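Asker: structure, please.
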Amino acid sequence: MVGTCNGLLLLSDDTNISFCLWNPCVGKLLKLPSPNITYATHGRFGASIGFGFDPKTKDYKVIRVVTLLESLALERTRTQVEIYTLSTGQWRMLRTDLAPICALIRTNPQTFINGALHWVAFRFSDNNIHNFVLVFDLGEEVFHEILLPEFPGH
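Answerer: Next comes the predicted model:
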């Protein structure tokens, strides 16, 4: 299970390229089409998934933040974002100036709060690891970052 919102569950396989929306109350299952970015189309990648409800359009959205791994050099990774909208039944690419993210921490899944998705993430910069919360506003379809507090002793 990737996420849940308003009683709907987003299910995925281990590769994060096959998705289903499931409403367990009525027993309805919807298989989503394949996303644009797969191993066959783009090579190695890591993907983090978000699922939530857009209060602006009154529609459900699935977000894939995909880090394309062109090589083992972390500074050469590229981040791309694609969005599935339930009303259209299609994936589309989102143009974004999102700085390269080395990883969204998968052990901490996304959280949907007040119309936005939140992930704990990190990136390498200046030979340091920078931790932050990556926020995606489903209505405006923009990202922003929230700094994490300094933890004593870390």
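
Asker: hey, let's count contacts and neighbours off CA atoms from now on
Answerer: Fine.

Asker: so what's the residue count around the closest residue to residue 87 other than its chain neighbours?
Answerer: Closest residue to residue 87 apart from its sequence neighbours, by CA to CA, 6 or more residues apart in numbering: residue 59 at 6.5 Å. Each residue near residue 59 was counted by other CA atoms under 10 Å, and the total is 15.

Asker: ok, now residue 142?
Answerer: 15.

Asker: tell me the pLDDT of it.
Answerer: We have a pLDDT of 93 for residue 142.

Asker: hang on, it packs against residue 117?
Answerer: No: shown here, residue 142 and residue 117 do not form a contact pair, counting by CA atoms under 8 Å, at 10.6 Å.

Asker: leaving out sequence neighbours, find the closest residue to residue 50.
Answerer: What sits nearest to residue 50 in space, not counting adjacent residues and going by CA to CA, 6+ apart, is residue 63, at 4.9 Å.

Asker: got the contact list for residue 133?
Answerer: Listed by CA atoms under 8 Å, 6 or more residues apart in numbering, the contact partners of residue 133 are 118, 119, 120, 121, 145, 146, 147, 148.

Asker: out of those residues, which are buried?
Answerer: Applying 16 or more other CA atoms under 10 Å to the contacts of residue 133, the neighbour count classes 118, 119, 120, 121, 145 as buried.

Asker: okay, who's weakest in those residues by pLDDT?
Answerer: Lowest pLDDT among the buried ones among the contacts of residue 133: residue 121, 83.

Asker: tell me how far it lies from residue 147.
Answerer: 10 Å (CA to CA, to the nearest Å).

Asker: sweet, I'm off.
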